[in-house]
Every structure is written in structure tokens, then in C-alpha cells.
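Asker: only geometry, no sequence info:
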DNA sequence: ACCTGAACACCGTTCAAGT
DNA sequence: ACCTGAACACCGTTCAAGT
């Protein structure tokens, strides 16, 4: 052990959580815990002991538990943005790409239900957390760009893009939340049918004319 | 004081919480507490002492705190259903009534944000609570009826009514949640504009043709 | 039947102290 | 600078005991 460490070149690899790496480790462990045990399963004690660290060590890196959750939420928005960008581009940045984005959005929520709930939870100080605000805006911006592209392709009305994007966001968010809360019943087919139907109603809803 | 009580006829008015009235009092107090201090402000201790009762007295009437919250949620769905019915009828059971319903839905959420959150919260055993399931279904049924009426008026596509109602529900629910979570910023004008825009996009989204 | 009071096993957070 | 350990003020829930 000591020999191995001596033999290794000084590559700044942190074996102990020091010099700022504990923050990343805490965030990573929090994400894992939430995925496995839900938000209520996340306690400062468990996340601390999982990293072999005191339960109060967290306070060096986060103001409080809410700040940790805000960081978790920001991380979620980052992942969501990447997912949306991929779907949009792979779909060809047109109508197919737009539909793929809608599907990707709801799938993200269903794949990471607890994480998604933290992102939109009430217990998070959304307004006064710059990182969370920024990451949330970043994910939203992907949708705005897509809307503008659809408008240029004459597939969407010439309304204010941000307004239209907000409407679309609210709709897919609503579908995701109803599904997550089990409000659509236990059948996955019901959820899938609603997603498909919703995307088609979005298409006719934002189409030019009328 | 004592005189007044003696003079009053025996009208079965409960001065002490006994014989099943404590349940109603607990529910009522829980709703009031949540409205004033949010869900986190609701503790069995405070709601108990507000009624001059031990903090464990609740367990005679509810299985646990989650069951109390489920009752709160069911109560909310009952109020929401009444609000929706009123809006639909006063609007003339047509296009105006439908738009009034959409507005009434989001307004309910904004008027009772904490209560609304409990209705859709994750901490509630939605599936295994018959009363909550029934009240939720009742509110949804109002929307389904309205959709059928719109279809008969040729104002909506001839799709499966429940499917269309689910889509509409998801959309207004999404708008409500984004507004409640402060995701639309502090300006009420932004919220109002989104509500208006959303209702108009719902109109073109569910319109016949295309 | 209905409620109480003590006890239990938790929780987030503070703070003086260690290195 | 970073982390610890004890302490504090909470919390939901259980349970024997009272009436």
C-alpha cells in the first residue's frame, strides 16, 4: 500500500477526500443514494458514512442539505440538456428531431424519477441558487432553439419562441409528473400511448394557421 | 360561560372532540396549517396542540401522518372538482366554459399552492388509498365530460375522450407546477400570459382536422 | 372507545476542539 | 483548511397506562 503509493508518480490522484474533492464525492454519492432510495432516503449521516467521513464534514462544502439538493438538481438539468440535444440532432433538427426531444424528455423523467423530482421539488431554493438557475435555463434554451428551427421550417406558428417553448415544456413536464406520481396507473402502455398522443397534439397545437 | 352552555338546548354541538369529530377537526386543522406554513410546517405535535389534544391522539383516526396527508389531498380534489364544474357550467358548457375550466384549474393551484402540492406529492400512497383515488377520478371525470361535449359541438377531434382529457390535464398540470415552483419567475404577468397562450394552443391542438 | 405521557430511534445543525 | 464528536432541538411512532 505504502509502496504502491511511493511508486506512483505524483499525479494528484486523491486517495483521501481532501482539497475540494469531497464536494464532488458528496454530490456523486447523493445522486446515487437518491436513485436507489429516493429523496427521503438521503440523510447526511448515510451519505457521510458511505464516504467514510463524518456526517458534519458536508458543511465545509455545502451551506446545508438544501444546497446539496440544489447541486443534485443542477446536475440533473445538465444531463437532461445533453439528452435533449442528442435527440434533437440525431432526429435531424426537424419534425422528427422535435418528436424525439419530447420522447427523450419524458424518458429522462421516467428513468430517473427521484432525481427528476428533486429538480422540480419545492424544498429547493431555486431562485437564490445561481448554478441551478443557469443549468435549468440551459436545458430550456435547447428547446427554444428547436422551436425557432421549426418556425423557420414553417412547421410552427410565428409566435414568440420563448412563449411557445414554455407551453411545450409545461406539457411534457405535466405528462412526466402524472406518470411519476402513478396517476396514470401501473400500465406502461398507458404512459407510452399518452406520450405519443401528446406529441401529436403538440404538433397540431403549434402548427401554423388557425 | 357556564350559564350560556346550560341555557343552550342539547343540539349535539361538540365542544370536546369526541365520537369521531376529532377526525374532521384534525383534517381541517391540517389543511389550515399547510395553507399557512406549507407541508413541512405540518407536524403531528403542532396540529395536536392546536386542537388541545395530545400529539398521539391522531393515531386513533389515521394510520399515520401519510394517511392524514392523503385525506388532505382527497379534500383538495373535492374542492377542485367543484371549482371546475362551476367554471364549466357558468361558461355555458361550450368553448368559453372549457377555457374557463382551464383558467379555474391553474387558479386553484396558485390559490392553494401547498395544498395542490400535497395532492400530487410523492409522499402520498396514492394507489392504496381508495378515498384519494376516488376523489381524483371524480375531478378528472368533469374534464372527460367537457371533452365529450366539445366533440359533440364539433369543436374537438373525435379521439378517445379519456386520452384527450389526459393530455389536457397534463398540460394544465404542467403549467400549474412550473408556476408553483417559481420556474416562471416572480412576474405574475408571465404566468397569466402563459395560461392564456396555453389555453389557445390547447384549442388548436385538439381542434378537428389535420 | 378514546386519549395521555414517557420512551425510542431517528433527523439536521451548531460548535468547540483536534490536526 | 478540513474534519471530528458531543450536544441540541427537533421529528414520527410505539406502547403501556389511564378514564
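Answerer: Nice, thanks for sending it over. All values derive from a computational prediction rather than experimental measurement.
Asker: count of neighbours near residue A:148?
Answerer: Neighbour count of residue A:148, defined by other CB atoms under 10 Å in any protein chain shown: 15. (C-beta placed from N, C-alpha, C; glycine too.)
Asker: I'd guessed it sits against residue A:161; true?
Answerer: Yes: Residue A:148 is in contact with residue A:161 according to CB atoms under 8 Å; the separation is 5.1 Å.
Asker: in the helix or strand where residue A:108 lies, what's buried?
Answerer: When secondary structure is defined by DSSP states H and E, residue A:108 falls within helix A:95-111. For helix A:95-111, the buried set under the neighbour-count rule, 16 or more other CB atoms under 10 Å in any protein chain shown, comprises A:97-106, A:108-110.
Asker: ok, and what's touching the helix or strand where residue A:117 lies?
Answerer: Secondary-structure assignment from DSSP H and E places residue A:117 in helix A:113-119. Among residues not part of helix A:113-119, those counted as contacts by CB atoms under 8 Å, 6 or more residues apart in numbering or on different chains are A:31, A:34-35, A:38-39, A:69, A:72-73, A:76-77, A:80, A:108-109, A:124, A:136, A:176, A:180, B:122.
Asker: and for stretch A:184-192?
Answerer: With CB under 8 Å, 6+ apart as the test, stretch A:184-192 has contacts from A:110, A:178, A:179, A:194, B:127, B:166.
Asker: which of those residues count as buried?
Answerer: Those of those that meet the buried threshold are A:110, A:178, A:179, A:194, B:166, by 16+ other CB under 10 Å.
Asker: mind listing what the last one touches?
Answerer: I take that to be residue B:166. With contacts defined as CB under 8 Å, 6+ apart, the neighbours of residue B:166 are A:178, A:184, A:194, A:197.
Asker: dump these into a markdown table; add distance to DNA strand D, pLDDT and secondary structure as well.
Answerer: Rendered in a markdown table, the data for the contacts of residue B:166 read as follows (distance: CB to the nearest atom of the strand, whole Å; pLDDT from 0 to 100; DSSP: H, G, I helix; E, B strand; the rest coil):
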| residue | distance to DNA strand D | pLDDT | secondary structure |
| --- | --- | --- | --- |
| A:178 | 26 | 92 | helix |
| A:184 | 27 | 90 | coil |
| A:194 | 33 | 98 | helix |
| A:197 | 38 | 98 | helix |
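Asker: ok, those vs residue A:26, which is closest?
Answerer: Minimum separation from residue A:26 among the contacts of residue B:166 (CB to CB) is found for residue A:178, which lies at 32.3 Å.
Asker: about what we covered before: so what touches the helix holding residue A:108?
Answerer: Around helix A:95-111, the neighbours that count as contacts under CB under 8 Å, 6+ apart are A:79-80, A:83-84, A:86-91, A:116, A:142-143, A:146, A:150, A:153, A:155, A:168, A:172-173, A:175-177, A:179-180, A:191, A:195, A:198-199, A:202-203.
Asker: buried subset of these, written for ChimeraX?
Answerer: For selection in ChimeraX, the members of the contacts of helix A:95-111 meeting the burial criterion (16+ other CB under 10 Å) are listed in this command:
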select /A:79,80,83,84,87,88,91,116,142,143,146,150,155,168,172,173,175,176,177,179,180,191,195,198,199,202,203
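Asker: in helices, which of the contacts of helix A:95-111 appear?
Answerer: Helix and strand membership here follows DSSP state H; of the contacts of helix A:95-111, those in helices are A:79-80, A:83-84, A:86-90, A:116, A:142-143, A:146, A:150, A:168, A:172-173, A:175-177, A:179-180, A:191, A:195, A:198-199, A:202-203.
Asker: just those residues that are near DNA strand D?
Answerer: Contacts with DNA strand D within the ones in helices among the contacts of helix A:95-111, as defined by CB under 7 Å from any atom of the strand: none are present.
Asker: now the one residue in chain A that gets nearest to DNA strand D: closest residue in space, sequence neighbours ignored.
Answerer: The nearest approach of chain A to DNA strand D comes at residue A:54, 2.4 Å away (CB to the nearest atom of the strand). When the adjacent residues along the chain are set aside, residue A:54 lies closest to residue A:48, with 5.9 Å between them (CB to CB, 6 or more residues apart in numbering or on different chains).
Asker: ok, now residue A:22?
Answerer: Nearest to residue A:22 is residue A:61, by CB to CB, 6+ apart, at 5.9 Å.
Asker: re the thing from before, where does the residue of chain A closest to DNA strand D fall, helix, sheet strand or coil?
Answerer: coil (DSSP: H, G, I helix; E, B strand; the rest coil).
Asker: separation between it and residue A:71?
Answerer: From residue A:54 over to residue A:71 the distance is 19 Å, taken as CB to CB, to the nearest Å.
Asker: next: residue A:193.
Answerer: Between residue A:193 and residue A:71 the distance, using CB to CB, works out to 36 Å.
Asker: try residue A:171
Answerer: When CB to CB is applied, the distance between residue A:171 and residue A:71 equals 28 Å.
Asker: worst mean pLDDT across the helices and strands of chain A, which element?
Answerer: Within chain A, judged by mean pLDDT, DSSP states H and E, the helix or strand with the poorest mean is helix A:2-7; its value is a mean of 30.
Asker: contacting residues around residue A:199?
Answerer: Residue A:199 sits in contact with A:99, A:102, A:103, where contact means CB under 8 Å, 6+ apart.
Asker: briefly note if stretch A:60-68 comes near DNA strand D.
Answerer: Yes: where contact is defined by CB under 7 Å from any atom of the strand, part of stretch A:60-68 touches DNA strand D, namely A:60, A:61.
Asker: that stretch and DNA strand C in contact?
Answerer: Yes: on the criterion CB under 7 Å from any atom of the strand, stretch A:60-68 is in touch with DNA strand C at A:64, A:65, A:66.
Asker: which one is the second one nearest to, not counting chain neighbours?
Answerer: Take residue A:65 and drop its neighbours on the chain: the residue closest to it by CB to CB, 6+ apart is residue A:44, 6.2 Å away.
Asker: can I assume that neighbour is in contact with residue A:57?
Answerer: No: under the criterion of CB under 8 Å, residue A:44 lies out of contact with residue A:57, with a separation of 9.1 Å.
Asker: and the residue nearest to residue A:54, how many residues sit next to it?
Answerer: The number of residues packed near residue A:48 is 17, by other CB under 10 Å.
Asker: mind listing what's buried along the strand or helix carrying it?
Answerer: Element membership for residue A:48, per DSSP H and E: helix A:44-50. Of the residues in helix A:44-50, those with enough neighbours to count as buried (16+ other CB under 10 Å) are A:44, A:47, A:48.
Asker: understood, closing this out.
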